[in-house]
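# Return atomic coordinates for the entry below.
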Amino acid sequence: MLELAILGFLAEQPLHGYDLKRRVAQLTGHVRPIADGTLYPAIKRLERAGWLTRRTEPGSRAAPRQMLVLTEQGRAELRRRLTEPEEMEISDENRWFTVLAFLRHLDDPAARDAVLRRRLAFLETPSSFFYDGNRPVRAEELDDPYRRGLLTIARATSRAELAWLRETLGGTD
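Numbering: from 1, shown residues only. Below is the predicted model of the structure:
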């Protein structure tokens, strides 16, 4: 998720590490704050892979700034990751949001639609946070108001996303 976010933000424009960290934190929100000890090793990995480079620019004060720039290989890797997201990137909401945030970088509408259809199929599969054997438990079946609330909120979120996906895909299922 972090590497995809780095590639995605750098596809939009070169960024200083601090600006990149702020944007990633805003995307992931309070759920997954990002520490320097996580971000900078990821940047180094991407740099070693040849997916980004550094460019020195004059700083606003005396010190020059190291700007991170996406390479053509990095753009290709971003497109690959967006075209072929892992199953967890389709099923995990936070990872899915990262894919969705950068999906516009896929130029091929059919490739974008294929990714959206995978998410649609995932959401259309009956599931729950709680099960009775292999059967998903519905909110209406629970006496616990907090678990019922969790399922009610999740259902509302899923319905909104399903409606958006169907509309975006032109009403096709």
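
# what's the longest helix belonging to the chain packed up against?
The longest helix of the chain (DSSP state H) is helix 145-168. Packing partners of helix 145-168 (3 or more CB pairs under 8 Å, 6 or more residues apart in numbering; DSSP states H and E): helix 109-124. Just so you know, the C-beta spots here come from the backbone N, C-alpha and C atoms, and that holds for glycine as well.

# what's the helix it packs on packed up against?
Helix 109-124 packs on helix 72-83, helix 87-91, helix 145-168, going by 3+ CB pairs under 8 Å, 6+ apart.

# Would you mind getting the angle between it and helix 72-83?
40 degrees (axes from the mean of the first three to the mean of the last three CA atoms, to 10 degrees).

# C-terminal to helix 109-124, what's the next element?
strand 131-132 (DSSP states H and E).

# Could you list the low-confidence segments of this protein?
Counting by pLDDT under 70, the chain contains low-confidence ranges at 30-33, 59-62, 171-173.

# and with 50 instead?
173 (pLDDT under 50).

# and residue 20, what element?
Secondary structure (DSSP H and E) places residue 20 in helix 17-28.

# buried sites along the next helix or strand along the chain from that helix?
Tracing the chain past helix 17-28, the next element assigned as helix or strand by DSSP H and E is helix 36-48. Residues 39, 42-43, 46 are the ones in helix 36-48 that count as buried (16 or more other CB atoms under 10 Å).

# now do stretch 107-126
112-113, 115-116, 118-120, 123.

# Equivalent analysis for stretch 53-66, please.
Quick answer for stretch 53-66 (16+ other CB under 10 Å): residue 65.

# just the CA coordinates of it, formatted as CSV?
Output in CSV follows, covering the C-alpha atoms of stretch 53-66 (Å, rounded to 0.1, in the frame of the first residue of the first chain):
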residue,chain,number,x,y,z
THR,A,53,15.4,9.1,-8.6
ARG,A,54,16.4,12.2,-6.6
ARG,A,55,16.9,15.7,-8.1
THR,A,56,18.5,18.5,-6.1
GLU,A,57,16.7,21.8,-6.2
PRO,A,58,17.5,25.0,-4.4
GLY,A,59,15.7,25.2,-1.0
SER,A,60,13.6,28.1,0.2
ARG,A,61,16.4,28.7,2.7
ALA,A,62,20.1,27.9,2.5
ALA,A,63,19.9,24.1,2.2
PRO,A,64,19.1,22.4,-1.2
ARG,A,65,16.1,20.1,-1.3
GLN,A,66,16.1,16.6,-2.6
